[in-house]
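In: coords please:
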Amino acid sequence: YKRQVSGAVLKMRVPLEWLHDYCRPALDAAALAERLAMTGTEVERVERHGVTALEHFVVGRVLDAASHPHADRLRVCSVDVGDSGPRQIVCGAPNVAAGQTVAVAKPGAVMPDGTKLAKARLRGVESEGMILAEEELAIGTEHAGILVLEPDGLLPGTPLASVLPIATDVLVLE
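Out: Residues are numbered from 1 along each chain as shown. A predicted model of the protein is given here:
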């Protein structure tokens, strides 16, 4: 049924990640939308929520976090991301520290707003990625500091999508 409030039709947004908490239909989003339409549930559209280029989002381990030579509020971190060697990442979060297990976006990652990350120079120091906060992944509203992961069995280089719901299709239902 459609419910109207002040002349507007209410829409329900159903993230597939949420739906998968209750059941796991062996269908992709488009096929699921088609099946729902056959039951009388109108699916207006399927949207993508979160990040893209998932292969560039990984678990990292901060090996060292030193003061930036030209900026008081920045830290120069050495981060193990599971590939050829540690990456140097400049981070502005006040809570970054050696030993933390963190969410990392490597160059090539596409953020929720469509920005594609590349290597950058921040105050004269090269940065090969980004240590992420919840808000930057569109999974929460916390932006005051980086997202620190529980390290239980998480190895550097583990795909972040296997640990956090960083990308999902969303069914928009009327």
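
In: Quick check: buried residues in the longest strand anywhere in the chain?
Out: Ranked by residue count, the top strand of the chain under DSSP state E comes out as strand 57-68. Of all the residues in strand 57-68, those buried under the rule 16 or more other Cβ atoms under 10 Å are 57-62, 65, 68. The way it works is simple: take the backbone N, C-alpha and C, and place the C-beta from them, glycine included.

In: Can you tell me which of the residues you listed is closest to residue 34?
Out: The closest of the buried residues of strand 57-68 to residue 34 turns out to be residue 57 (Cβ to Cβ; 29.7 Å).

In: Quickly list what the closest one is bridged to.
Out: For residue 57, the beta-bridge partners under DSSP bridges are residue 105.

In: who's in contact with it?
Out: 51, 103-106, 109, 159-161, 166 (Cβ atoms under 8 Å, 6 or more residues apart in numbering).

In: any weak-confidence spans in this protein?
Out: For the chain, the stretches with pLDDT under 70 are 1-9.

In: what do you get if the cut-off is 50, keeping everything else the same?
Out: Residues of the chain that meet the criterion pLDDT under 50 lie in 1-2.

In: longest single helix anywhere in it?
Out: The longest helix of the chain (DSSP state H) is helix 29-38.

In: got the buried residues for it?
Out: 29, 32-33, 36.
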